[in-house]
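J.: Next come a sequence and a model predicted from it.
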Amino acid sequence: MRRGQKCTLTATGGIRNDTCFQGTVPDYYVDAQSVEDIQKSLQFAQQYKLPVTVKNTGHDYRGGSAGVNTFAIWTHNFAPDPVITENFTPDECPSPVGPVVTYHAGQIGTHLYNSLQGTGYMIVAGSCPSVGPSGGWIAGAGHGIFTPSFGLGVDNVQQMKVVLPNGTYVTANRCQNKDIFFALRGGGGGTFGVVTETTTKLHPDQEYSYAFVQLPVPDVRTANEVLVANAERWSEEGWGGVYGVLDVAGSPNLVWLGYNANLNLDEGKASLKPVTDYLKSLPGSEHLITDFRTLPNQFTAQNDPALLSILLPEAGVSLTRSSRLVPKKNFQTADGQKALVDALMANKFGWGAVIASPTNYTLAESDQPGGPGESSVSPAWRDSVWHLTYTTTWDPADPDATSPEALASMFQEMSEAMDPIRAITPGAGAYQNEADVYEPDPIGSFWGEKNYARLLTIKKQLDPDNLLSCWNCIGWNVNDERHECYLNVRGIGPSN
């Protein structure tokens, strides 16, 4: 954008006779389909000091899988069929860890769920079917609709294999290369190496309680109060999914979509009675959508039409968002709830609370801080109820909406919209995979000072030339040429 070069095309706008420039799209790609392909690519980049970006599906709201004048390693086609091992022993570890599935760099969620259908197992992976679980998803923490009961993605990983920036191929787990294992599980994608293979825990599949509720609401504040008042209880009861007050066809709607591995159907209905009673009391309640069911397995849950209708419209859309992990303490007093409702009312974007914190998961002793399986995600994940998000979109074919001035104003407004929430959640964090592009405190929000210091040391050891880097990544340089298309917002961005 600082070059003044843009291509205001849209998927629905038809063919246009325009000149398009390269923008942030890398100049060269390697279609890496093996470990050897990745090793040779990184050795080539080392030889010629080429900045490297790594891309699987490219599902990255902050642009980490692209960069100006970069050499891209594309792993999307490195995706042999996943392999189940019934009683897996990680390399150089003394004992087995139980059933696991091993999948490679290019695997995406939909293929992984398909491969597990009918096996009697389920897995913690992303909700969106296009997400690559072996890539940025796991590197940023990894949440999904079942993380409240089964933990974050980083908690379930048993072993990873990675090509380091110098081309060395190593195995990392709780018994060897522990610093690398720590860094790959939360340190951010495209930073420490190119992950080729991930082995993660399998859980017995089961039935799940399902709830979908939706109705336009005339009084947004009351709707917010109902949702905030019940949030901590819903989290403790094991609900995963999303709810909030969202704009639907120009009208504020209360939307509640949840999945529960702990409650049966009658218990699930009782759990949501405060919100259904509220909606039934409203004018127009004859249009209330309520769908309570028992789903037979994870495959059915991950392919739920309501879930996909929320997630899939984001594909190929120009959007930005800001987010915050909201701690339990903000829900535990009347004053705290009021402050949270006031902050929600201060934004104009509508809001969604992704309930994906590991609230019902007990972190293994080995993975506690200081243990061999410690991950580098923000400690805020362990004490949060909501991953709160605000989102806005724009038409990429609208020259007014895509001017540098308009975009800078929009990104600034979106970032600042989360400030009232940041003000009442000091010391909390954010999910880096769905974070504000111009997050004012990336170190504190994504990792915490202690984790960041360790990550920076590991980064300097593994990649002293900083060949692998991206926006707001560990050890990044804001004035690196690969970031020059970013705007300067809130004083964060390339120097003019």
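T.: That came through fine.

J.: For the stretch 201-350 of the chain, which segments count as strands?
T.: Here the stretch 201-350 of the chain has its strands, by DSSP state E, counting those that start in this stretch, at 203-204, 208-216, 239-248, 251-260, 289-295, 318-327.

J.: Put together a markdown table for the ones you listed, with mean pLDDT and distance to Pro133 on each row.
T.: C-beta: built from backbone N, CA, C; applies to glycine. A markdown table is the format used below for the strands of the stretch 201-350 of the chain (pLDDT from 0 to 100; distance: least, Cβ to Cβ, whole Å):
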| stretch | mean pLDDT | distance to Pro133 |
| --- | --- | --- |
| strand 203-204 | 98 | 15 |
| strand 208-216 | 98 | 19 |
| strand 239-248 | 95 | 16 |
| strand 251-260 | 97 | 18 |
| strand 289-295 | 97 | 21 |
| strand 318-327 | 95 | 20 |
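
J.: possible to save those as JSON lines with distance to Arg233 and mean neighbour count?
T.: Listed next are the strands of the stretch 201-350 of the chain as JSON lines, based on distance: least, Cβ to Cβ, whole Å; neighbours: other Cβ atoms under 10 Å:
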{"stretch": "strand 203-204", "distance to Arg233": "24", "mean neighbour count": "13"}
{"stretch": "strand 208-216", "distance to Arg233": "14", "mean neighbour count": "22"}
{"stretch": "strand 239-248", "distance to Arg233": "9", "mean neighbour count": "22"}
{"stretch": "strand 251-260", "distance to Arg233": "12", "mean neighbour count": "22"}
{"stretch": "strand 289-295", "distance to Arg233": "18", "mean neighbour count": "14"}
{"stretch": "strand 318-327", "distance to Arg233": "15", "mean neighbour count": "22"}
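
J.: what's the spacing between the residue nearest the centre of the chain and Ala356?
T.: For the chain, Asn433 is the residue whose C-alpha lies nearest the centre (Cα atoms, centre = their mean; 3.8 Å). Distance, Asn433 to Ala356, by Cβ to Cβ, to the nearest Å: 11 Å.

J.: ok, now Asp367?
T.: For Asp367 relative to Ala356 (Cβ to Cβ), the value is 18 Å.

J.: who has more neighbours, those two?
T.: Legend: neighbour count by other Cβ atoms under 10 Å for Asp367 and Ala356, higher for Ala356 (27 against 16).

J.: So the more buried one is in contact with Trp239, correct?
T.: No: using Cβ atoms under 8 Å, Ala356 is not in contact with Trp239; the gap is 10.0 Å.

J.: Can you check which residues contact both of these two?
T.: Between them, Ala356 and Trp239 share these contacting residues under Cβ atoms under 8 Å, 6 or more residues apart in numbering: Pro148.

J.: which stretches of the stretch 251-400 of the chain have low pLDDT?
T.: Along the stretch 251-400 of the chain, the parts satisfying pLDDT under 70 run over 315-316.

J.: Run through the helices of it in chain order.
T.: Assigned by DSSP state H, counting those that start in this stretch, the stretch 251-400 of the chain shows helices spanning 265-271, 273-280, 298-302, 305-311, 334-345.

J.: which of those helices sits most buried?
T.: Greatest average neighbour count among those goes to helix 298-302 (a mean of 22), per mean count of other Cβ atoms under 10 Å.

J.: and for that one, what are the contacting residues?
T.: Helix 298-302 is contacted from outside by 109, 113-114, 116-117, 122-123, 127, 129, 145-146, 205, 208, 210, 259, 295, 307, using Cβ under 8 Å, 6+ apart.

J.: Recalculate using a threshold of 7 Å.
T.: Helix 298-302 is contacted by residues 113, 117, 122, 145, 205, 208, 210, 259, 295 when judged by Cβ atoms under 7 Å, 6 or more residues apart in numbering.

J.: out of those residues, who's nearest Leu282?
T.: Taking Cβ to Cβ as the measure, Leu282 sits nearest to Tyr210 out of the contacts of helix 298-302, at 23.1 Å.

J.: list the contacts for the residue nearest to the centre of the chain?
T.: With Cβ under 7 Å, 6+ apart, Asn433 has these contacts: 136-137, 140.

J.: try Ile145
T.: Contacts of Ile145 (Cβ under 7 Å, 6+ apart): 127, 240-241, 259, 301.

J.: Now that we have these, can you turn them into JSON lines and tack on distance to Ile180?
T.: Formatted as JSON lines, the contacts of Ile145 follow (distance: Cβ to Cβ, whole Å):
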{"residue": "Ser127", "distance to Ile180": "27"}
{"residue": "Gly240", "distance to Ile180": "30"}
{"residue": "Gly241", "distance to Ile180": "33"}
{"residue": "Tyr259", "distance to Ile180": "33"}
{"residue": "Ala301", "distance to Ile180": "33"}
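
J.: got the phi/psi numbers for Val170?
T.: Here is the backbone geometry of Val170 (degrees, to the nearest 10): phi -130, psi 160.

J.: any chance of the helices of the stretch 251-400 of the chain in CSV, plus distance to Thr393?
T.: Formatted as CSV, those follow (distance: least, Cβ to Cβ, whole Å):
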stretch, distance to Thr393
helix 265-271, 32
helix 273-280, 27
helix 298-302, 25
helix 305-311, 14
helix 334-345, 20
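
J.: Indicate which one of these is closest to Thr24.
T.: helix 305-311 (23.9 Å).

J.: With only the CA atoms kept, save that closest one in CSV.
T.: Taking Å, rounded to 0.1, in the frame of the first residue of the first chain, the C-alpha atoms of helix 305-311 are listed here in CSV:
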residue,chain,number,x,y,z
PRO,A,305,-24.5,-26.2,8.5
ALA,A,306,-25.0,-23.5,11.1
LEU,A,307,-21.3,-23.6,12.0
LEU,A,308,-20.2,-23.5,8.4
SER,A,309,-22.6,-20.7,7.6
ILE,A,310,-20.8,-18.6,10.2
LEU,A,311,-17.3,-19.6,9.1
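
J.: Farthest from the middle of the protein: give me that residue.
T.: Pro283 (36.8 Å).

J.: Look up how far Arg382 lies from it.
T.: With Cβ to Cβ as the criterion, Pro283 and Arg382 are 42 Å apart.

J.: Check Ala343 too.
T.: Distance, Ala343 to Arg382, using Cβ to Cβ: 22 Å.

J.: Please enumerate residues in contact with stretch 160-174?
T.: Identification of contacts with stretch 160-174 by Cβ under 7 Å, 6+ apart yields 35, 38-39, 42-43, 46, 90-91, 93, 158-159, 177, 180-181, 184, 193-198, 366, 372-373, 462-463, 467-468.
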